[in-house]
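Need coordinates for the following:
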Amino acid sequence: MAKQPKTLDTAQVARKLDIARTLNWICYAGLLLLFAVKTLIIDGNVKWWLLQTVPLLLVLPGMLKRQQRSYLWLCFILLLYITAGIVDVMMPTRGWQHGVLTALSLILFVSAMMASRWQVQLQNAKT
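A predicted model of the protein is given here:
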C-alpha cells in the first residue's frame, strides 16, 4: 500500500519562517553589536573590527531582500565565527565575549538554515 503524500501547511511554515527571520535579525544585530563593543570601544582596533564585520555585511543586501541564497551564504560565513568562538572558549584566559560570540553564531546559523529551508518550501508550495 502506497503512502499518501504529506500536505504542507503553508500557514504554519510561514509562521516558522517569520520567527526564524526575526531570530536572524536579533542575532545578526547582536553579533555586530558585540564586535563593535569589543573591538571598537574596549580594544579600539578599527582594522580588527573591519575584519570581523565585513564578511557579515556582505550578505546584508540579500537578507534585506529576503533572498534564500543569502541565508545559505550566511551559514557558510558563520562556520568561521563558530569555529573561532569555540576555539577561544576553550582557552582559560579568554573573556566572556567569546561565549557570547559562539552562542549568537550557533543560533544565527540554525535560524538562517531553517529560514532558507522554509522559504524554499513556501516557494515550492506556490508553484
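
show me where the protein has helices.
Taking DSSP state H, the helices of the chain run over residues 10-35, 46-58, 60-64, 68-89, 97-126.

got these as JSON lines, with mean neighbour count and mean pLDDT columns?
To be clear about C-beta, it is placed using only N, CA and C from the backbone, and glycine gets the same treatment. Supplementary listing: the helices of the chain in JSON lines, determined by neighbours: other Cβ atoms under 10 Å; pLDDT from 0 to 100:
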{"stretch": "helix 10-35", "mean neighbour count": "16", "mean pLDDT": "95"}
{"stretch": "helix 46-58", "mean neighbour count": "13", "mean pLDDT": "92"}
{"stretch": "helix 60-64", "mean neighbour count": "13", "mean pLDDT": "95"}
{"stretch": "helix 68-89", "mean neighbour count": "17", "mean pLDDT": "94"}
{"stretch": "helix 97-126", "mean neighbour count": "18", "mean pLDDT": "93"}
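
measure the nearest residue to residue 111 once chain neighbours are set aside to residue 37 for me?
Distances taken as Cβ to Cβ, 6 or more residues apart in numbering place residue 23 nearest to residue 111, at 4.2 Å, with adjacent residues excluded. Residue 23 sits 21 Å away from residue 37, going by Cβ to Cβ, to the nearest Å.

try residue 25
In terms of Cβ to Cβ, residue 25 sits 18 Å off from residue 37.

Check this protein and tell me which residue is nearest its centre.
residue 108 (2.9 Å; Cα atoms, centre = their mean).
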